[in-house]
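> Fold the following.
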Amino acid sequence: MEAVHRHGVWLAESLQRGPLGGPGYERLWQTLTHMGDPKASMLLLFPLAYTVHGRTGVAVLWVAALSEWLNLVLKWMLFGERPFWWISESGLYLQNPPEVQQFASTCETGPGSPSGHAMVTAAVWWVVVFNTASYLYRRTHSLLLSSLLYILYVVMLAAVGLSRVFILAHFPHQVLAGSVTGFILGVVLSRRVPHGRPLVFFVCTSVALMAGALLLHAGLSAVGVDLSWSIALARKRCARPEWVRMDTAPFSSLTRDCGALLGLGLARYWAPPGGWALPRAPRALSLALASLALYHVNRLALPVRPPGLFYGLFLVKFIMVPQVVMVLAPGLVHMLTHRDGKKRD
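Model prediction:
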């Protein structure tokens, strides 16, 4: 693996020192890595997809949660170094260190293999691209137009993957493994979306995912595997302490996924059958209100001590995401437009 890691460091250095690595492009690379964040699938893509097509929106949230949960399990089992700490820990660059730098998004605390950004992006965007391409082909019968969406899908995966290498968060082989695994998950999971399932299904699924991860964690710890090794290395080798955030810790991913699925079940239980029947303009208003609300929900500062309180509040935060998108925002818009209609009558 040493040769693979050295090649990854060389690629990261080439990207940072190349024509697309200057100060003017750093913001672009960081924007691309934020677009691939699993959190972005729930806070940005899910509201947009649900507003355009409710079933696709549910599929996006379902696939995002399951693929990120599986990514967490794989990371616990496969470990995987990250470039930003491996460069120093390997001891290979004492005489000639690479000319690379870290960024605010670099210092993630989980193991590196496979890349969660690449895996979740590949899975979730496959759902969107496949559904959109199928719809366009039914309407236009144009293979060219449908094919363009799949080309954009590949380009986006490549851009997100390179951004992860650029900021020293992943090695190229971790990005490739995440992309391939995510694509397979997207194809498989998109065919098994629980559109009409009752609340108890989502409650049981959320509990099962939480219990399964905790049992795996306890089992690995019992046989002497230190699953906090990556957190210690991230804190040790991160260029700035404030860049090490609890919301990148493995248990944050677990609570986010379980919270999103539990919230999805609650939202489907509270929303009217078939969702709110809103015309195009009110749906756009609902999306704007939901996006604004989720922006402020995401910005809520949570206490990091004790950790149990942080993870509990983090769970609640993502339980709220489907409520805002599927119940509160469209319900408010429906109430306002319904009243306006009554007044005009």
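
> Check the spacing between the residue nearest in space to the middle of the chain and residue 17 real quick.
Nearest to the mean C-alpha position of the chain, by CA atoms, centre = their mean, lies residue 38 at 0.6 Å. Distance of residue 38 to residue 17, computed by CB to CB, to the nearest Å: 29 Å. Backbone N, C-alpha and C define where each C-beta goes, glycine included.

> what does residue 283 give?
46 Å.

> Then residue 96?
14 Å.

> For stretch 113-125, what does the pLDDT average out to?
Average pLDDT, stretch 113-125: 97.

> Kindly export it (C-alpha atoms) in PDB.
Output in PDB follows, covering the C-alpha atoms of stretch 113-125 (Å, rounded to 0.1, in the frame of the first residue of the first chain):
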ATOM      1  CA  SER A 113     -11.600   3.900   3.100                       C
ATOM      2  CA  PRO A 114     -13.800   4.000   1.100                       C
ATOM      3  CA  SER A 115     -14.600   7.700   0.500                       C
ATOM      4  CA  GLY A 116     -18.000   8.600   1.900                       C
ATOM      5  CA  HIS A 117     -18.300  11.700  -0.300                       C
ATOM      6  CA  ALA A 118     -17.800   9.600  -3.400                       C
ATOM      7  CA  MET A 119     -19.900   6.700  -2.300                       C
ATOM      8  CA  VAL A 120     -23.000   8.700  -1.200                       C
ATOM      9  CA  THR A 121     -22.700  11.000  -4.300                       C
ATOM     10  CA  ALA A 122     -22.500   8.100  -6.700                       C
ATOM     11  CA  ALA A 123     -25.500   6.400  -5.000                       C
ATOM     12  CA  VAL A 124     -27.800   9.400  -4.600                       C
ATOM     13  CA  TRP A 125     -27.100  11.100  -7.900                       C
END
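
> neighbour-wise, which of residue 96 and residue 17 wins?
Using other CB atoms under 10 Å as the criterion, residue 96 and residue 17 rank with residue 17 on top: 13 against 7.

> ok, that one touching residue 99?
Yes - assessed by CB atoms under 8 Å, residue 17 is found in contact with residue 99 at 6.2 Å.

> and the helix or strand containing residue 281, what does it pack onto?
Using DSSP states H and E, residue 281 sits within helix 280-299. Using 3 or more CB pairs under 8 Å, 6 or more residues apart in numbering; DSSP states H and E, the elements in contact with helix 280-299 are helix 46-52, helix 307-323, helix 329-344.

> and the ones you listed as CSV, adding mean pLDDT, mean neighbour count and distance to residue 229?
Putting the helices and strands packed on helix 280-299 into CSV (pLDDT from 0 to 100; neighbours: other CB atoms under 10 Å; distance: least, CB to CB, whole Å) gives the following:
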stretch, mean pLDDT, mean neighbour count, distance to residue 229
helix 46-52, 95, 23, 33
helix 307-323, 95, 19, 17
helix 329-344, 75, 14, 42
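
> so which of the ones you listed gets nearest residue 32?
Smallest distance to residue 32 across the helices and strands packed on helix 280-299 (CB to CB): 17.8 Å, for helix 46-52.

> My guess is residue 314 contacts residue 259. True?
Yes - between residue 314 and residue 259 there is a contact at 7.3 Å, judged by CB under 8 Å.
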